[in-house]
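Undergrad: what follows is a protein structure lacking sequence information:
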(Lines give C-alpha, C1' and ligand atoms only; values in the text may rest on other atoms or scores of the structure.)
Protein backbone atom coordinates (compact mmCIF):
# COMPACT_ATOMS: atom_id res chain seq x y z
CA UNK A 1 0.00 0.00 0.00
CA UNK A 2 1.38 3.37 -1.02
CA UNK A 3 1.31 6.10 1.58
CA UNK A 4 3.09 9.22 2.75
CA UNK A 5 4.54 8.90 6.23
CA UNK A 6 5.28 12.06 8.14
CA UNK A 7 7.36 12.67 11.23
CA UNK A 8 8.57 15.62 13.23
CA UNK A 9 6.78 18.71 14.41
CA UNK A 10 5.70 19.24 18.01
CA UNK A 11 5.88 22.13 20.44
CA UNK A 12 8.44 24.92 20.30
CA UNK A 13 8.81 28.44 21.63
CA UNK A 14 8.62 31.38 19.29
CA UNK A 15 11.91 31.89 17.51
CA UNK A 16 12.75 28.20 17.63
CA UNK A 17 13.10 25.64 14.88
CA UNK A 18 11.46 22.37 13.91
CA UNK A 19 11.83 19.89 11.09
CA UNK A 20 9.10 17.95 9.34
CA UNK A 21 9.85 14.95 7.17
CA UNK A 22 7.75 13.04 4.68
CA UNK A 23 8.62 9.71 3.10
CA UNK A 24 6.92 7.79 0.33
CA UNK A 25 6.31 4.19 1.35
CA UNK A 26 5.24 1.48 -1.07
CA UNK A 27 5.73 0.54 -4.68
CA UNK A 28 5.82 3.54 -7.02
CA UNK A 29 7.24 4.42 -10.40
CA UNK A 30 8.21 8.01 -9.70
CA UNK A 31 7.51 11.04 -7.52
CA UNK A 32 6.48 14.30 -9.13
CA UNK A 33 5.84 17.56 -7.36
CA UNK A 34 5.79 17.55 -3.57
CA UNK A 35 4.54 20.16 -1.16
CA UNK A 36 3.73 21.04 2.42
CA UNK A 37 0.34 22.42 3.36
CA UNK A 38 -0.92 23.64 6.69
CA UNK A 39 -4.28 24.32 8.25
CA UNK A 40 -4.71 26.31 11.42
CA UNK A 41 -7.84 25.98 13.53
CA UNK A 42 -10.71 27.74 11.82
CA UNK A 43 -8.59 28.67 8.83
CA UNK A 44 -8.42 27.46 5.25
CA UNK A 45 -5.82 25.06 3.95
CA UNK A 46 -2.70 26.95 2.89
CA UNK A 47 0.19 25.78 0.75
CA UNK A 48 3.38 26.56 2.63
CA UNK A 49 6.03 25.40 0.16
CA UNK A 50 6.33 23.24 -2.91
CA UNK A 51 9.21 21.59 -4.73
CA UNK A 52 9.47 20.05 -8.18
CA UNK A 53 11.30 16.88 -9.10
CA UNK A 54 14.23 19.06 -10.11
CA UNK A 55 14.17 20.70 -6.66
CA UNK A 56 12.81 24.04 -7.79
CA UNK A 57 11.11 25.47 -4.71
CA UNK A 58 8.41 28.03 -4.10
CA UNK A 59 7.22 29.47 -0.80
CA UNK A 60 4.23 31.33 0.50
CA UNK A 61 4.98 34.91 1.47
CA UNK A 62 4.20 34.06 5.09
CA UNK A 63 7.16 31.68 5.40
CA UNK A 64 9.60 32.97 2.79
CA UNK A 65 13.04 33.44 4.30
CA UNK A 66 12.22 31.29 7.33
CA UNK A 67 11.30 27.85 5.96
CA UNK A 68 13.34 25.65 3.64
CA UNK A 69 11.88 22.79 1.64
CA UNK A 70 14.12 20.06 0.25
CA UNK A 71 13.84 16.58 -1.16
CA UNK A 72 15.95 13.49 -1.60
CA UNK A 73 14.91 11.77 -4.81
CA UNK A 74 17.02 8.72 -4.02
CA UNK A 75 14.96 8.16 -0.87
CA UNK A 76 11.63 9.53 -2.13
CA UNK A 77 11.51 11.86 0.82
CA UNK A 78 11.03 15.52 1.61
CA UNK A 79 11.93 17.82 4.49
CA UNK A 80 10.62 21.13 5.75
CA UNK A 81 13.09 23.02 7.89
CA UNK A 82 11.15 25.63 9.85
CA UNK A 83 13.18 28.43 11.45
CA UNK A 84 12.25 31.50 13.46
CA UNK A 85 8.83 30.06 14.12
CA UNK A 86 6.00 32.43 15.00
CA UNK A 87 2.85 31.71 17.01
CA UNK A 88 0.82 32.11 13.84
CA UNK A 89 2.72 29.18 12.30
CA UNK A 90 0.74 26.96 14.65
CA UNK A 91 -1.20 24.49 12.51
CA UNK A 92 -1.47 20.92 11.31
CA UNK A 93 1.06 20.42 8.55
CA UNK A 94 0.48 17.84 5.83
CA UNK A 95 2.70 16.66 3.04
CA UNK A 96 1.49 16.16 -0.50
CA UNK A 97 3.03 14.24 -3.36
CA UNK A 98 2.09 13.47 -6.93
CA UNK A 99 2.90 9.79 -7.38
CA UNK A 100 3.09 7.64 -10.47
CA UNK A 101 2.03 4.09 -9.65
CA UNK A 102 2.61 0.85 -11.57
CA UNK A 103 -1.15 0.28 -11.59
CA UNK A 104 -2.35 3.73 -12.63
CA UNK A 105 -2.33 5.47 -16.00
CA UNK A 106 -2.06 8.94 -14.50
CA UNK A 107 -0.22 10.36 -11.49
CA UNK A 108 -2.20 10.24 -8.27
CA UNK A 109 -2.43 12.77 -5.46
CA UNK A 110 -1.36 11.51 -2.04
CA UNK A 111 -1.48 13.17 1.37
CA UNK A 112 0.23 12.49 4.65
CA UNK A 113 -1.66 12.08 7.89
CA UNK A 114 -0.73 15.51 9.24
CA UNK A 115 1.57 16.62 12.03
CA UNK A 116 0.73 19.29 14.55
CA UNK A 117 3.12 22.17 15.04
CA UNK A 118 2.49 24.41 18.04
CA UNK A 119 4.48 27.60 18.56
CA UNK A 120 4.12 29.22 21.96
CA UNK A 121 4.67 32.92 22.50
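TA: On my side now, so go ahead. Remember, it's a predicted structure, so these values are computed and weren't measured experimentally.

Undergrad: so what's the residue nearest to the spatial centre of the chain up against?
TA: Centroid check for the chain by C-alpha atoms, centre = their mean gives residue 36 as the closest residue, at 2.9 Å. Contacts were defined as C-beta atoms under 8 Å, 6 or more residues apart in numbering; by that measure residue 36 touches 20, 22, 47-50, 69, 78, 80, 93-96. (Each C-beta comes from the backbone N, C-alpha and C, glycine too.)

Undergrad: give me the distance from the helix or strand where it lies to the chain's centre.
TA: Counting by DSSP states H and E, the element that carries residue 36 is strand 30-39. For strand 30-39, the distance from its own C-alpha centre to the chain's C-alpha centre is 6 Å (C-alpha atoms, centre = their mean, to the nearest Å).

Undergrad: what residues sit buried inside it?
TA: Within strand 30-39, the residues that count as buried by 16 or more other C-beta atoms under 10 Å are 31, 34, 35, 36, 37, 38.

Undergrad: what about the last one, distance to residue 96?
TA: Yep, that's residue 38 we're talking about. 11 Å (C-beta to C-beta, to the nearest Å).

Undergrad: ditto for the third one
TA: Using C-beta to C-beta, we find residue 35 at a distance of 5 Å from residue 96.

Undergrad: so what's residue 8 closest to, chain neighbours aside?
TA: Excluding the flanking residues, the one nearest residue 8 by C-beta to C-beta, 6 or more residues apart in numbering is residue 20, at 4.2 Å.
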